[in-house]
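Peer 1: coordinates for the following, if possible.
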Amino acid sequence: MSLFSCEYDEALSLDEADPLSSLRDEFVIPLDQKGNEQAYFAGNSLGLMPKKTLQAMNASLRDWGAKGVQGHFDEDDPWYRYDETVSSLQTEMVGASVEEVGVMGSLTTNLHLLMASFYRPTERKNKILIEPHAFPSDRYAVASQVAWHGGNPDTDIIEIRAANPDHVTQEDLLYTLEEHGESISLALIGGLNYYTGQFHDIEEWASVFQRYEITVGLDLAHAVGNIPLSLHDTGIDFAAWCTYKYLNGGPGSISGYFVHQKHHQNVNLKRLAGWWGNNPETRFDMHGQERFSPRASADGWKVSNPSLFSMVPVKASLEMFNEIGIATLRERSLRLTAYFEEGIRSIDGVESITPRDPERRGCQISVRVKDSASALEHQLIKGGVVPDARDPDVLRFAPTPMYSRFTDIYRGIQALAKIVS
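Peer 2: A predicted model of the protein is given here:
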């Protein structure tokens, strides 16, 4: 039986049988024009707010008012080491040690800070490899890095030559590297592609890059909090991610990043330094600290004092992730996306460009439509269904396991089928 032939009661019964459906009650759900909760599928753009976030923010604001500067060193929850607490809450979901993970700044800023260390062009190896449908900000970042080092972005940025850019294969990667591999210094790849929802086989890709002595960096904005990762075991060099999508940290919230342990002791690895990368025991020693001495961990790449009020919402959300477990959320994600995909296949005039293989996708179904994606998005939002349009012709739907339900999907499929018929 296809999803589109299902009745609402059948979707409701799936929700009632799923113990994780109650997670939605832990979030503030926006309302539609009729005052009903939206069917919200834009968590791959901005995640929803957990109810506990408001309590956590209010408590931190009260602490600031009551303690002033002493809050940095309060015995209960010192702001001085708050970033380390937030970092430690991310280790399980990204598959890394606590020494390999940090939080600071924003995603693209962190990619620049990391590329300052890991993009080291030589006369022979000076190019940067990206994927088809790379996120525009990543394209801007690598182009400026190439130009900063005196290169030509028009010739020194190589895009993987894919037979189908919507579905990049390892064969595409190998074909591209056969032609350009010896000249590529750095690969900056989106671990899970924002446009198609494709989850690349990071471990296999990393082994290919390493054979060509290519430094590997990942933009994991759409992967962290979505799929389980094993960054340490893959051997990639660095990664960065935002926390306002699947991690529900709020608009523009602080970024997470990873630096593999194999680089921590390399004091000759150039970096853009700042005082928060120093040993915290001597951070306030203003005499005798004329030379930067990086911490032997990912923290050695930190620059400035992270914003407390950007970290508090992330910590509140990460505590939920750690209580539930990323593997458990992934299992629910697979059920939700399978249900959504079945519904999409029942609608004439649309097609999913997201891989059919569940192991090669996250909690996103990207749909190519015949009409303007933005126009369809506006119609859907008026009806209380919230996707994310990528013009000219792609709508992205993210049935997020933290707060999406089967009845939301039923509602979304019905609404999409109606407006494209």
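Peer 1: please name the residues that touch the closest residue to residue 272 other than its chain neighbours.
Peer 2: For residue 272, ignoring the flanking residues on the chain, the nearest one in space by C-beta to C-beta, 6 or more residues apart in numbering is residue 116 at 4.9 Å. Bear in mind the C-beta positions are built from the backbone N, C-alpha and C, glycine included. Going by C-beta atoms under 8 Å, 6 or more residues apart in numbering, residue 116 touches 270-272.
Peer 1: nearest to residue 325 among those residues?
Peer 2: In terms of C-beta to C-beta, no member of the contacts of residue 116 lies closer to residue 325 than residue 271, at 33.9 Å.
Peer 1: so the closest one touches residue 299, yeah?
Peer 2: No: using C-beta atoms under 8 Å, residue 271 makes no contact with residue 299, being 11.8 Å away.
Peer 1: now residue 366: phi and psi?
Peer 2: Note on residue 366: backbone dihedrals following degrees, to the nearest 10 are phi -100, psi 130.
Peer 1: which residues touch it?
Peer 2: 195-197, 352-354, 390, 394-397.
Peer 1: other SSEs contacting the top strand by length along the chain?
Peer 2: Within the chain, and with DSSP state E defining each element, the longest strand by residue count is strand 184-190. Under the contact criterion of 3 or more C-beta pairs under 8 Å, 6 or more residues apart in numbering; DSSP states H and E, strand 184-190 touches helix 107-118, strand 127-130, helix 136-148, strand 215-219.
Peer 1: distance from the chain centre to the following helix or strand past that strand, please.
Peer 2: For strand 184-190, the following helix or strand on the C-terminal side (DSSP states H and E) is helix 202-211. How far helix 202-211 lies from its chain's middle: 20 Å, per C-alpha atoms, centre = their mean, to the nearest Å.
Peer 1: returning to what we had before: same question for the longest strand of the chain, mean pLDDT?
Peer 2: Averaged over strand 184-190, pLDDT sits at 98.
Peer 1: by how many degrees do it and strand 215-219 diverge?
Peer 2: Put simply, strand 184-190 runs at 20 degrees to strand 215-219, going by axes from the mean of the first three to the mean of the last three C-alpha atoms, to 10 degrees.
Peer 1: who's in contact with strand 184-190?
Peer 2: Residues contacting strand 184-190 (C-beta under 8 Å, 6+ apart): 111, 115, 118-122, 125-131, 134-135, 138, 141-142, 158, 177, 200, 205, 209, 212, 214-223.
Peer 1: now do stretch 303-316
Peer 2: Contacts for stretch 303-316 (C-beta under 8 Å, 6+ apart): 49-50, 52-53, 56-57, 60-61, 64, 79, 82-83, 85-86, 89, 103-105, 113, 243, 247-250, 252-254, 272-277.
Peer 1: what's the answer for stretch 69-88, then?
Peer 2: 63-64, 67, 98, 101-104, 254, 256, 276, 280, 298-299, 302, 306, 308, 311, 314-315, 318.
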